[in-house]
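Trainee: A predicted structure for the sequence below; I have some questions about it.
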Amino acid sequence: AQSVTQLGSHVSVSEGALVLLRCNYSSSVPPYLFWYVQYPNQGLQLLLKYTSAATLVKGINGFEAEFKKSETSFHLTKPSAHMSDAAEYFCAVKAAGNKLTFGGGTRVLVKP
Amino acid sequence: ETGVTQSPTHLIKTRGQQVTLRCSSQSGHNTVSWYQQALGQGPQFIFQYYREEENGRGNFPPRFSGLQFPNYSSELNVNALELDDSALYLCASSLAGGRENEQYFGPGTRLTVT
């Protein structure tokens, strides 16, 4: 079985401040982990993925995430928030098979 | 390279009716997955198709069914619509094979059941 928990359904940050979105997973096999972003009225866009290579993964738009097996976490960060980062972010795990299991999402609000 | 496309964009149906949603895969992709995203929630896996056969299914009743065609495009059919079927339906295409292969999502079809 596999599951994902995203702590905080809403996060508010000031423009230029650090963005930190938390994701914890459970998986019975070594997981593959993904972060997706969803802008209003759009589908999901892949930000980055962890596939058992480097534990620190860099993605698009200045985002990165670190896989920590001991903490079963895959938190997403961006050093300096931009207004265009306002969106909903989803963490997902792929364990056995090719099915993605998503967390409930975190909506990011960026204040000027 | 053509991305994943879905049609229609929006749809309004009445409870008890049937609906068909369509998806065209990204060029070169042979696997299609369908997800249901209720308002304020993360997407939930419905099923996946590979080589025109169902290749995994989530916790959805049999009135949710699908097809995949030789050109890898796909349909999602929902019979006997219920109010709770109102959601954004997302299609994702990928290459079969390793778990590292990411899924590329279309823009979705917003279904409203009244």
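Mentor: Looks like it arrived, so ask away. Residues are numbered from 1 along each chain as shown, chains lettered A, B, ... in the order given.

Trainee: drop to CA atoms for contacts and neighbour counts, all remaining ones
Mentor: Will do.

Trainee: By mean pLDDT, point me to the weakest helix or strand of chain B.
Mentor: strand B:53-57 (a mean of 91; mean pLDDT, DSSP states H and E).

Trainee: pLDDT on stretch A:70-85, on average?
Mentor: Stretch A:70-85 carries an average pLDDT of 96.

Trainee: make that stretch B:93-105, sorry
Mentor: 81.

Trainee: Show me what from chain B comes close to chain A.
Mentor: Within chain B, the residues that sit near chain A (CA under 8 Å from any CA of the partner chain) are B:40-45, B:48, B:56, B:90, B:99-100, B:104-108.

Trainee: Which one of those residues sits in the busiest neighbourhood?
Mentor: Neighbour counts for those peak at residue B:108, which has 30 neighbours (criterion: other CA atoms under 10 Å in any protein chain shown).

Trainee: secondary structure element for the residue nearest to that residue when sequence neighbours are not counted?
Mentor: The shortest distance from residue B:108 to any non-neighbouring residue, by CA to CA, 6 or more residues apart in numbering or on different chains, is to residue B:90 (4.5 Å). Assigned by DSSP states H and E, residue B:90 falls within strand B:87-94.

Trainee: Which secondary structure elements does that strand sit against?
Mentor: strand B:31-37, strand B:104-105, strand B:109-113 (3 or more CA pairs under 8 Å, 6 or more residues apart in numbering or on different chains; DSSP states H and E).

Trainee: surely residue B:94 meets residue B:31?
Mentor: Yes - with contacts counted by CA atoms under 8 Å, residue B:94 reaches residue B:31, the gap being 5.2 Å.

Trainee: okay, these two: which has more neighbours?
Mentor: Using other CA under 10 Å, the more surrounded residue of residue B:94 and residue B:31 is residue B:31, with 26 against 22.

Trainee: Mind pulling up the pLDDT for the nearest residue in space to that one that is not next to it in sequence?
Mentor: Among residues not flanking residue B:31 along the chain, residue B:50 sits closest, at 4.8 Å (CA to CA, 6+ apart). As predicted, residue B:50 sits at a pLDDT of 90.
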